[in-house]
Structures are given as C-alpha cells and as structure tokens.
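Student: got a structure for you, letters missing:
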C-alpha cells in the first residue's frame, strides 16, 4: 500500500532577498559569513562555517534553514513544497 507522509520537522528559516543583510547576519552569525568583494550588487554572502553546506554561496531567493545549529541552503521551490509556515 502506498502512503503519503508529511515532514514533521520544525525549522527556523530565512529567505535571502539581497536586502536583508542584517537579518542574515543575526540568523547565521556574522562569524559564519564571508561576503564577496566585487562590483556585484548586492554582494553575495557565503556560509563559511557549516557542517551541512560548507563554503556555499547564498543566492538571492533561496531559504537558509537552521537544523541543530547548522545551516542548509534550499531553493525556494523545494522549500515551499517541503515546509509549511506555522
């Protein structure tokens, strides 16, 4: 018999818009971020201290989720299919 399941995990998440730098720094921790120095506006942040996705660039429009003090970066379409806001 095929059954349908819902993810029961509750996570904190932040959508990176490119305009919420302070919010990202608070959520992830400034010490865990490295900012790309370039002419790109806005600059592209990168999570540098992370067991799940080390040195992963954070593109605009992705969600950053916190799981057991680690961070994972998920595309918005996958996030919206997997998680429901409570």
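Tutor: Done, it's in. Given the structure is predicted, the values throughout are model-derived calculations rather than measurements.

Student: give me the distance between the two termini of stretch 57-68.
Tutor: Using Cα to Cα, to the nearest Å, one end of stretch 57-68 lies 20 Å from the other.

Student: report the mean per-residue pLDDT for that stretch.
Tutor: Mean per-residue pLDDT for stretch 57-68: 84.

Student: please apply the same query to stretch 27-42.
Tutor: Throughout stretch 27-42, pLDDT has a mean value of 71.

Student: tell me, what residue is most central in the protein?
Tutor: Against the mean C-alpha coordinate of the chain, by Cα atoms, centre = their mean, the closest residue is residue 64 at 1.2 Å.

Student: A strand includes that residue, no?
Tutor: Yes: under DSSP: H, G, I helix; E, B strand; the rest coil, residue 64 sits within a strand.

Student: mind checking which helix or strand the residue lying closest to it once chain neighbours are set aside is in?
Tutor: Excluding the flanking residues, the one nearest residue 64 by Cβ to Cβ, 6 or more residues apart in numbering is residue 14, at 5.0 Å. Where C-beta positions appear, they are placed from N, C-alpha and C, glycine not excepted. Element membership for residue 14 (DSSP states H and E) is strand 12-15.

Student: what does that strand contact?
Tutor: Here strand 12-15 makes contact (Cβ atoms under 8 Å, 6 or more residues apart in numbering) with 20, 23-24, 27-28, 61-66, 76, 79, 83.

Student: and which of the residues you listed is nearest to residue 45?
Tutor: residue 24 (6.3 Å; Cβ to Cβ).
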